[in-house]
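Q: Take a look and give me a structure for this.
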Amino acid sequence: MEQAILTVVVFFLPLFFLPNLTDIYDLGKQVFLIFGLFLVFLLWAVRIILERRIIYKKSRYLLPALLILVAFLASTFINSSNKVQSFVAGTGTGAVLIAVLAGSLVNILGKRKWLFYSLLTSGLVLSLIRVALFLGDFSFPLVFPSLNLAINKSWSPTGSLVTQAVFVLALIPLGFGLLYENLKQGKLAEAGVVFFINTFNLIGLGLSFYLLSNQARPILLPQSTAWAIALEGLKDGRFAALGLGPGQFVNAFTSFKPLSFNLSDYWDLRFGSSSNWYYQLLTEVGIVGLIAYLFLVTKVFKDAIKVFRQPRISYVGLATYLSLIILLVTQLFVPINFFFLALVFVILALAKDEESAAIDFSAVGNFALLFLIIPFVLWGGVLFFAGKSALANYYFLSSLKAANQNDGVKTYNLQIKAIKTDPSSPTYRISYSQTNFALANSLATKQDLTDQDRATISQLIQQAIREAKAAAAVDPRNAAAWENLAGLYLNLINFAEDADQWAVASYQQAISLDPLNPRLRVGLGGLYYSQQNWVQAANLFAQAVSLKNDWANAHYNFANALREAGDLPNAKREYEVTQTLVTIDSNDYQKVSQELEAVKKRLPTPTPEAPTQPETLVTPAPPAEGIEPPLELPNEGPEMNQ
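A: Below is the predicted model:
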């Protein structure tokens with residue numbers, strides 16, 4: 001029974017998603033796989049108890065898998081600024097733990113042939129979806145608000161079109177291996193089915209590549225930027241060994257990105273994943289994590305060579321290794337998600353079909369059953385934390401839906417539930433702080449405020465500040481949390497004492513965590529500008545210009561600050577630069593032109609320069625002729641410090 005359920009779980013893994021979560025794909029697949037694997041484990045444990053023996057298979061890849069897991073755990077507990085979020089991240093420590101559990105159960109219980117066909121059939125369903133979306137006469141996107149789902153031509157249940165393309169590509173050699181084996185054994189019906197599946201998978205793969213190269217180009221962090229971030233992290237010995245922590249790439253990105261990134265089209269984005277899995281490992285889990293993963297990769301390549309050199313080649317076995325190699329090589333070029341990670345460990349478990357062995361503990365009696373306590377405790381912890389994470393995510397999504405319906409009270413209450421369920425999430429706390437401020441702002445617009453209204457407004461503002469501070473406290477390296485706190489203080493300058501000083505301090509902390517972000521400089525410069533501190537404002541706007549010289553808004557603010565500071569010539573220059581960076585005949589262009597003309601009128605009229613005498617060109621005169629014998633000069637020059 002457990003083998004059949006495991007086969008069904010593997011089949012649905014690429015297809016499953018939970019629309020009741022904000023993280024539909026990664027968290028949804030994690031929840032599905034956890035509960036599916038636990039059911040398989042439970043049935044297996046019952047069989048162990050009834051039969052009083054454990055049937056298992058050795059695995060060549062269990063040691064490297066455990067080393068990878070240990071590296072993730074060490075990085076989480078030693079270096080991560082938010083340990084819980086490192087566990088629940090899409091490719092974090094919890095994800096690696098689930099993937100290792102999946103690979104272990106597949107290795108012990110999986111029927112190799114069943115699982116091969118399960119994966120191929122799942123790829124067929126994905127390819128049929130791809131063909132239907134590509135050829136269907138739909139009005140895109142297909143939006144299902146009640147399901148939190150929007151579908152377009154590039155949509156994929158795997159979580160991304162890139163992941164689907166890699167998955168189907170990895171299935172192609174596996175399909176040909178099964179086709180050859182079936183033809184060799186005279187199983188024409190099975191060969192025909194495999195041929196049909198392979199054909200459709202090739203069609204789906206072709207459409208995926210077409211979309212990726214044309215209509216659905218993914219926005220990926222440039223490889224050069226990702227490498228620069230990884231190298232910068234290596235300069236700190238602590239981060240070099242174990243990285244910044246799983247799921248913490250966005251913090252590494254803000255701290256370590258190079259200045260050249262500001263020249264890209266995506267300069268104002270904060271990337272949560274690297275350009276490829278190996279760079280992400282080096283950044284998040286450090287050299288230790290990367291070496292552990294490369295140890296696994298090396299073993300796979302060595303085993304693939306051994307299979308290829310065997311006198312009697314198993315074409316299915318060779319095809320499995322080719323599929324694995326495709327997965328491992330493509331990780332050099334694309335980031336991965338949870339499904340991609342789990343798929344690697346599932347196919348690893350299928351790569352070598354080891355013989356089963358058994359441990360008979362009937363002679364020991366019921367005491368042997370105590371060994372099952374540890375796995376049950378482990379599963380209990382995994383189920384508990386996964387359930388809490390999913391429930392908090394569900395509450396948060398419900399709050400966003402309530403906010404879209406302008407139901408402030410429901411939004412407020414649901415976000416409280418989300419925070420109480422998962423207090424470690426800075427995202428929930430940032431949203432809750434903004435909700436509190438929005439409610440206070442809305443209430444303040446009422447006419448004839450009562451004392452109760454004033455008390456409520458004060459309470460909401462205090463809660464907004466408290467939660468914004470808490471968001472920065474639960475993840476101190478999170479620049480977005482500090483930026484949110486700074487923005488909140490900025491909006492309270494005219495209502496709360498010393499809010500301007502707290503805003504400055506928060507902006508400075510955000511800048512220290514995201515030092516090359518020109519937008520933060522413009523934000524802090526705007527604060528000084530509102531206080532008529534023109535010199536400080538101009539200095540910050542100048543820094544923003546130096547960080548991104550082609551940003552019109554930075555030049556425009558710099559020009560305004562220079563104008564107010566009385567530096568009209570340089571203000572004129574900055575207005576002229578701004579003109580070159582905005583669209584001609586746009587409202588912005590007209591606005592800048594008017595302000596430029598106003599500055600020109602204020603400039604003093606240049607006085608005509610006095611005529612100058614024409615220069616006479618003179619060749620340097622040679623030294624005068626000497627005398628013989630030459631004079632000896634006294635040795636009375638300045639003393640030299642020895």
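Q: Remind me which helix or strand residue 55 belongs to.
A: strand 53-57 (DSSP states H and E).
Q: what's the model's confidence in the next helix or strand after that strand, averaged?
A: Beyond strand 53-57 in the direction of the C-terminus, DSSP H and E gives the next helix or strand as helix 62-79. Average pLDDT, helix 62-79: 95.
Q: Now do the helix or strand following helix 62-79: which elements does it pack against?
A: The C-terminal neighbour of helix 62-79 among helices and strands, as given by DSSP H and E, is helix 83-88. Judged by 3 or more CB pairs under 8 Å, 6 or more residues apart in numbering; DSSP states H and E, the packing partners of helix 83-88 are helix 62-79, helix 93-109, helix 373-404. C-beta: built from backbone N, CA, C; applies to glycine.
Q: Centre of the chain to the last one, how far?
A: On the basis of CA atoms, centre = their mean, to the nearest Å, helix 373-404 is displaced by 20 Å from the centre of the chain it belongs to.
Q: buried ones in it?
A: Neighbour counts using 16 or more other CB atoms under 10 Å place 379, 382, 385-386, 389-390, 392-399, 401-403 of helix 373-404 among the buried residues.
Q: average pLDDT across the strand holding residue 55?
A: 70.
Q: Equivalent analysis for stretch 226-243, please.
A: For stretch 226-243, mean pLDDT is 92.
Q: How far away from the center of its chain is it?
A: That offset, for stretch 226-243, works out to 17 Å (CA atoms, centre = their mean).
Q: so is residue 332 in a helix, a strand, or just coil?
A: coil (DSSP: H, G, I helix; E, B strand; the rest coil).
Q: what about it, distance to residue 68?
A: To residue 68, residue 332 is 17 Å away according to CB to CB, to the nearest Å.
Q: With residue 448 instead?
A: Taking CB to CB, one finds residue 448 at 64 Å from residue 68.
Q: same check, this time on residue 562
A: 55 Å.
Q: rewinding a little: so residue 332 and residue 68 - more neighbours on which side?
A: Ranked by neighbour count (other CB atoms under 10 Å), residue 332 and residue 68 place residue 68 first, with 24 against 12.
Q: what helix or strand does the closest residue to the more buried one other than its chain neighbours sit in?
A: Leaving aside its sequence neighbours, residue 68 sits nearest to residue 292 (CB to CB, 6 or more residues apart in numbering; 4.6 Å). In the assignment (DSSP H and E), residue 292 maps to helix 286-309.
Q: Please save the CA atoms from that helix in PDB.
A: Taking Å, rounded to 0.1, in the frame of the first residue of the first chain, the C-alpha atoms of helix 286-309 are listed here in PDB:
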ATOM      1  CA  GLY A 286      29.100  29.200   2.400                       C
ATOM      2  CA  ILE A 287      32.000  27.100   1.400                       C
ATOM      3  CA  VAL A 288      31.000  24.300   3.700                       C
ATOM      4  CA  GLY A 289      27.600  24.000   2.100                       C
ATOM      5  CA  LEU A 290      29.000  24.300  -1.500                       C
ATOM      6  CA  ILE A 291      31.600  21.600  -0.800                       C
ATOM      7  CA  ALA A 292      29.000  19.200   0.600                       C
ATOM      8  CA  TYR A 293      26.800  19.700  -2.500                       C
ATOM      9  CA  LEU A 294      29.800  19.300  -4.900                       C
ATOM     10  CA  PHE A 295      30.700  16.100  -3.100                       C
ATOM     11  CA  LEU A 296      27.200  14.800  -4.100                       C
ATOM     12  CA  VAL A 297      27.600  16.000  -7.600                       C
ATOM     13  CA  THR A 298      31.100  14.400  -7.900                       C
ATOM     14  CA  LYS A 299      29.700  11.000  -6.800                       C
ATOM     15  CA  VAL A 300      26.900  11.200  -9.300                       C
ATOM     16  CA  PHE A 301      29.300  11.900 -12.200                       C
ATOM     17  CA  LYS A 302      31.600   9.100 -11.100                       C
ATOM     18  CA  ASP A 303      28.700   6.600 -10.900                       C
ATOM     19  CA  ALA A 304      27.400   7.700 -14.300                       C
ATOM     20  CA  ILE A 305      30.800   7.000 -15.900                       C
ATOM     21  CA  LYS A 306      30.900   3.600 -14.200                       C
ATOM     22  CA  VAL A 307      27.400   2.700 -15.600                       C
ATOM     23  CA  PHE A 308      28.500   3.800 -19.100                       C
ATOM     24  CA  ARG A 309      31.600   1.600 -18.900                       C
END
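Q: Show me which residues of that helix are buried.
A: 286-290, 292-293, 296-297, 299-300, 303-304, 307.
Q: Equivalent analysis for stretch 564-579, please.
A: Quick answer for stretch 564-579 (16+ other CB under 10 Å): 564, 567, 568, 571, 572, 573, 574, 575, 576, 577, 578, 579.
Q: Out of the helices and strands packed on helix 83-88, which is closest to residue 255?
A: With CB to CB as the measure, helix 62-79 is the member of the helices and strands packed on helix 83-88 nearest residue 255 (13.2 Å).
Q: packing partners for that closest one?
A: Packing partners of helix 62-79 (3+ CB pairs under 8 Å, 6+ apart): helix 83-88, helix 93-109, helix 237-242, helix 286-309.
Q: In a markdown table: the helices and strands packed on helix 83-88, plus distance to residue 256.
A: Formatted as a markdown table, these follow (distance: least, CB to CB, whole Å):
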| stretch | distance to residue 256 |
| --- | --- |
| helix 62-79 | 14 |
| helix 93-109 | 22 |
| helix 373-404 | 28 |
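Q: For residue 138, find the nearest of those helices.
A: Nearest of the helices and strands packed on helix 83-88 (CB to CB): helix 373-404, 23.6 Å.
Q: Does the very next helix or strand once past that closest one pack against any helices or strands, and if so which?
A: Of the helices and strands lying after helix 373-404 in sequence (DSSP H and E), the nearest is helix 408-421. Under the contact definition 3+ CB pairs under 8 Å, 6+ apart, helix 408-421 sits against helix 373-404, helix 426-444.
Q: Residue 216: which of the ones you listed is closest?
A: Going by CB to CB, the one of the helices and strands packed on helix 408-421 nearest residue 216 is helix 373-404, 24.9 Å.
Q: so what's the residue nearest to residue 333 when sequence neighbours are not counted up against?
A: The shortest distance from residue 333 to any non-neighbouring residue, by CB to CB, 6+ apart, is to residue 276 (5.7 Å). Contacts for residue 276 (CB atoms under 8 Å, 6 or more residues apart in numbering) come out as 223, 226, 331, 332, 333, 334, 335.
Q: For burial, what's the neighbour tally of the last one?
A: Pointing back at residue 335 there. 24.
Q: how deep is the closest residue to it other than its chain neighbours tucked in, by neighbour count?
A: Counting by CB to CB, 6+ apart, residue 273 is the residue found nearest to residue 335 once chain neighbours are left out, at 4.2 Å. The number of residues packed near residue 273 is 24, by other CB under 10 Å.
Q: Would you mind measuring from the nearest residue to residue 513 once chain neighbours are set aside to residue 471?
A: Computed as CB to CB, 6+ apart, the closest residue to residue 513 that is not its neighbour in sequence is residue 479, at 4.0 Å. Look at residue 479 and residue 471: by CB to CB, they are 11 Å apart.
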